[in-house]
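>>> below: sequence and its predicted model.
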Amino acid sequence: MKFCINNGLIVDPHQASPFLGNLVIENGIITEIVPAKQNPAAVQSDSETAHEGTIEDNHTIDVSGKADVHTIDARGNWVVPGLIDLHVHFREPGFEYKEDIQSGCESAAAGGFTMVCCMPNTSPVIDTPEVVRFIRKKADAGNGVDVSCIGAISKGQDGIELVDYEGMLVDGGICGISEDGKTVADESVMLEAMKKAKELGLTVYSHAEPEAEIVKRDLALAKQSGCRLHFCHISEKASIALIRHAKEGGLAVTAETAPHYFALTSEEVQGDPNKKMNPPLGTKADREAVMQALRDGTLDAIATDHAPHHINEKSVPYELAPNGVIGLETSFAISYTKLVRAGILTPAELVKKMSCKPAEILGIHSGRIEIGRPADLAIIDVEAEYEIGSEPFRSKSANSPFLGERVFGRILYTIKDGAVIWNASEASGCMKSGG
């Protein structure tokens, strides 16, 4: 299979700046990158107008008369490396009524994601090779989205006995360990896990609760053990200050936040169960600190913490509702609208947070548009404005904190290994309602 993507603005942070160009893909691999000859209209790389500029038609790739070649005209749209989410909950096994691996992968593709990392709070917990194999088998039968597992730190997530990490590493198993939704309370157990992770080359994903207190503790343990440490869903000003100080001191630590922490504050909760998550929404000062930390690199990545719940579980008073919100299908649009259009990040910086840096944290050769690499891509119309919730989600669930929000940035295509796994125009007529 060979096809061309013509006329798009290629936004890859590994390039000097975004540029108008064309891609040739053969057998799932990028084989040519052809910069287009532009008319005088300048291409701006530091604002939401980065898509502007025109391409002379005689500089698209000519495939006329070649029946075996498919083309996508990306004129006026961004072409970016496939997005990578370090933090999702696909609920299977055990809670398939909320989400399963198939629906989670469909949701991911609709959001421009070509790879996701599943947290271990399933039932049974991801704490044995058998559960890892089960998830990978389910994912292999899906739409092509890569699904990687993050294993539990302790058996049953009880914080007492360490899991057999070596066993879960077999056949490409887990990409890291985490207690997910919990914190290992026993400092000696956490230190032992970090030392083992260091020995095996695994990253420890810390769900710090209470946030600042455990961030401080786990930074000290990481310094002692030498392990790779990544903090999940950072939301507080105090935590950010601790991570920034650790990075300035040379500690190899990374951290993520989620769109709701730079788009919303606690003042906007107003008893809405769809705005209940853990950690909870912070103050305006926390939100400002998150945005500044994204700008200066203290926060390396944007993840979704995609956490589906059945509509009945969220249709209760706020205090009775479970924590968690969905985010795969809204992450890019919220991030682009709140960060790029607001002048907080450049287009390339946003793509770095959502693709390149997650790939680096995982230690994989993704997050690039480069000859010889797999064609994992998303094509995005950043000028498309729409209301979140006006179309049904591909997820089984609809517990988004952004229902009714008007945003910019529609995912037109998601391409994995050269195959189109999301085409918005084809999907619009067959989307299922959430529940």
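All right, it came through fine.
>>> residue 327 is in contact with residue 107, correct?
No. Using Cβ atoms under 8 Å, residue 107 is not in contact with residue 327, being 9.2 Å away. Where you see a C-beta, it was placed from the backbone N, CA and C, and this is true even at glycine.
>>> and this structure, what are its domains?
2-76, 83-362 (automatic domain parsing).
>>> ok now the last one, how far from the chain's centre?
From the chain centre to the centre of domain 83-362 is a distance of 9 Å (Cα atoms, centre = their mean, to the nearest Å).
>>> now the terminal residues of it, how far apart.
Start to finish, the residues bounding domain 83-362 are 13 Å apart (Cα to Cα, to the nearest Å).
>>> ok so, going back, intersection of neighbour lists for residue 107 and residue 327?
Listed contacts common to residue 107 and residue 327 are residue 306; contacts here mean Cβ atoms under 8 Å, 6 or more residues apart in numbering.
>>> next one, pLDDT for the spatially most central residue of the chain please.
Centroid-nearest residue in the chain: residue 85, 2.3 Å away (criterion: Cα atoms, centre = their mean). What the model reports for residue 85 is a pLDDT of 98.
>>> for it, which residues are in contact?
Neighbours of residue 85 in contact, by Cβ under 8 Å, 6+ apart: 108, 113, 115, 116, 117, 303, 304, 306, 328, 331, 358.
>>> residues near the residue nearest to the second one when sequence neighbours are not counted, how many?
With Cβ to Cβ, 6 or more residues apart in numbering as the measure, residue 83 is the residue that lies nearest to residue 113, at 4.5 Å, once sequence neighbours are left out. A total of 30 residues lie near residue 83 under the criterion other Cβ atoms under 10 Å.
>>> equivalent analysis for residue 201, please.
For residue 201, using other Cβ under 10 Å, the count is 10.
>>> now it: how far from residue 177?
11 Å (Cβ to Cβ, to the nearest Å).
>>> any weak-confidence spans in the protein?
1, 38-68, 428-435 (pLDDT under 70).
>>> tell me where it has helices.
Using DSSP state H, the helices of the chain run over residues 101-110, 129-140, 165-169, 187-200, 211-225, 237-248, 259-263, 284-296, 311-314, 331-335, 347-351, 357-362, 424-427.
>>> want to try TSV for those helices, with mean neighbour count and distance to residue 5 as columns?
Listed next are the helices of the chain as TSV, based on neighbours: other Cβ atoms under 10 Å; distance: least, Cβ to Cβ, whole Å:
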stretch	mean neighbour count	distance to residue 5
helix 101-110	26	17
helix 129-140	17	26
helix 165-169	18	36
helix 187-200	18	39
helix 211-225	19	41
helix 237-248	19	37
helix 259-263	25	27
helix 284-296	18	29
helix 311-314	15	38
helix 331-335	27	18
helix 347-351	24	16
helix 357-362	22	20
helix 424-427	13	15
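>>> those into a markdown table, with extra columns for distance to residue 341?
Listed next are those as a markdown table, based on distance: least, Cβ to Cβ, whole Å:
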| stretch | distance to residue 341 |
| --- | --- |
| helix 101-110 | 21 |
| helix 129-140 | 34 |
| helix 165-169 | 42 |
| helix 187-200 | 39 |
| helix 211-225 | 29 |
| helix 237-248 | 23 |
| helix 259-263 | 12 |
| helix 284-296 | 13 |
| helix 311-314 | 29 |
| helix 331-335 | 10 |
| helix 347-351 | 10 |
| helix 357-362 | 21 |
| helix 424-427 | 20 |
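>>> closest one to residue 412 among these?
helix 424-427 (5.0 Å; Cβ to Cβ).
>>> and the closest one, what does it pack against?
Other elements packing on helix 424-427 under the criterion 3 or more Cβ pairs under 8 Å, 6 or more residues apart in numbering; DSSP states H and E are strand 406-416.
>>> how about 6 Å then?
Contacting helix 424-427 under the criterion 3 or more Cβ pairs under 6 Å, 6 or more residues apart in numbering; DSSP states H and E is no other helix or strand.
>>> so what touches it?
residue 412 (Cβ atoms under 6 Å, 6 or more residues apart in numbering).
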